[in-house]
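**Q** Sequence first, then the predicted structure, then my questions.
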Amino acid sequence: MPKKSKDEALKDYISNNVIFSDIINFYLYKGENVVKESDLKELDTTFVNTNDEIFEKSRDLLKEVVIKYDNRNTYILVGIENQTKMDKQMISRVLLYDSLVYRKQFKNKNKNDIIKPVITIVIYYGKKKWNAPKSIHDMFKNIDDNILKYIPNYHLNIIEPFFMSDEEIESLKSDFKVLCDFIRKSDNSDGIKYLLDRNYIISNETGRMINYITNSKLKLNEEEDKLDMCKGLDEFRQEALDEGLAKGKAEGKVENEKSNIKTMHKNGADINTIAKLLSLDINYVKEVLNS
C-alpha cells in the first residue's frame, strides 16, 4: 500500500467523526455537545461532468449532518477544507464547491427530496493572520456602494488555531483541542512549559499531525495507541537542547579555527603554510583572511 501524503493524512485525521463533530460543535454551537459522531454520514466529495471540465473538481471533506436541536431534526451538509497556506482565491473556491454540491443535489433530486443547506468550514493552520478575502465583496476594490448592494455576498467560515483564545481551546473536546493548543503554544519555551503542565494524553495520529503541521519532533510509540504528551515533549525539548549544544560546539570550533588562521598570518605565516599546518583547504584560508 503506497504511503499517504501529509495532506492526505491530515484529511483522514479531520475526517474522523469524533474530530469532525467536535469542529462542528465548536464553530456552530460554541462547544455545546449538539452533534454526535453517530449523526454524521460520509458523502462523495467529487464532482464530475465530462461535458464541462469545470466540474472535474473535488473538495477535501463533505458529510451529511443531522442537527437534533430544539425538538426537531435538521439535515445539513458540512464540508471542511484544510489549508496549511493562505490562498487568496479561497473564497471563490468555497463558493464553487458549495455551488457544485447544490447542483449535485438538484441533479439527483427525487420528487419528495429536500435540498439541504451547505456549510463549509476552512481550517487555516498558518502562523500569519489570514488576510486573504473572507467574502466576495472583499475581492472588489473601489466599487460604489450603490453597485455593491446588488452583488450577492458570500462569507468564509474560518478557524485559525494559531490565534484561538483560551476559551475557544477549552470549548473543544477531542484531540483536535490538543492539536490547536500545540499550534498556538509550541513556538517558545514558555509555551512548551504550558503544554507540559496540561498533561495531555493523545492518539499517535494527533502526534503525527502535530509533527506535520508544526515541524516538531514528538517521539511516537507505535506499539501503543496513546502518546503521553509530557514524555513526548520532554524528549522533544531534550533533543532541541542537544541540537543547540552541538551547534554551539560546531560554531565555537569554526570561530577558533578562524582565529588561528588570522593569528598565524599576522605572525608571518603564508597561506600555503597555514593551510598545511591546520589541514584546511587553501581557498577557505583565503576566504577567512579576505573577510
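**A** Done, it's in.
**Q** Identify the residues contacting the closest residue to His137 other than its chain neighbours.
**A** Of all residues not flanking His137 in the chain, Asn153 sits nearest, at 5.0 Å (Cβ to Cβ, 6 or more residues apart in numbering). (Glycine included, C-beta is placed from N, CA and C.) Contacts here follow Cβ atoms under 8 Å, 6 or more residues apart in numbering; on that basis Asn153 touches Ser135, Ile136, His137.
**Q** Return the distance of Asn153 relative to Ile159.
**A** Distance, Asn153 to Ile159, using Cβ to Cβ, to the nearest Å: 20 Å.
**Q** Just give the number of residues close to Val78.
**A** Residues near Val78, counting by other Cβ atoms under 10 Å, number 26.
**Q** part of a strand, is it?
**A** Yes - remark: Val78 belongs to a strand, assigned using DSSP: H, G, I helix; E, B strand; the rest coil.
**Q** Which strand residues bridge it?
**A** The bridge-partner assignment for Val78, based on DSSP bridges, gives Lys63, Ile119.
**Q** May I ask you to confirm that it is in contact with Lys116?
**A** No - using Cβ atoms under 8 Å, Val78 is not in contact with Lys116, being 9.9 Å away.
**Q** show me where the stretch 151-291 of the chain has strands.
**A** 157-159, 201-203, 226-228 (DSSP state E, counting those that start in this stretch).
**Q** likewise the stretch 1-150 of the chain?
**A** Secondary structure of the stretch 1-150 of the chain (DSSP E, counting those that start in this stretch): strands at 40-42, 46-47, 57-58, 61-69, 72-83, 118-124.
**Q** State the distance from Leu196 to Lys185.
**A** 10 Å.
**Q** I meant Ser279, not that one.
**A** 46 Å.
**Q** Centre-most residue in this protein?
**A** Nearest residue to the geometric centre of the chain (Cα atoms, centre = their mean): Tyr125, 3.2 Å.
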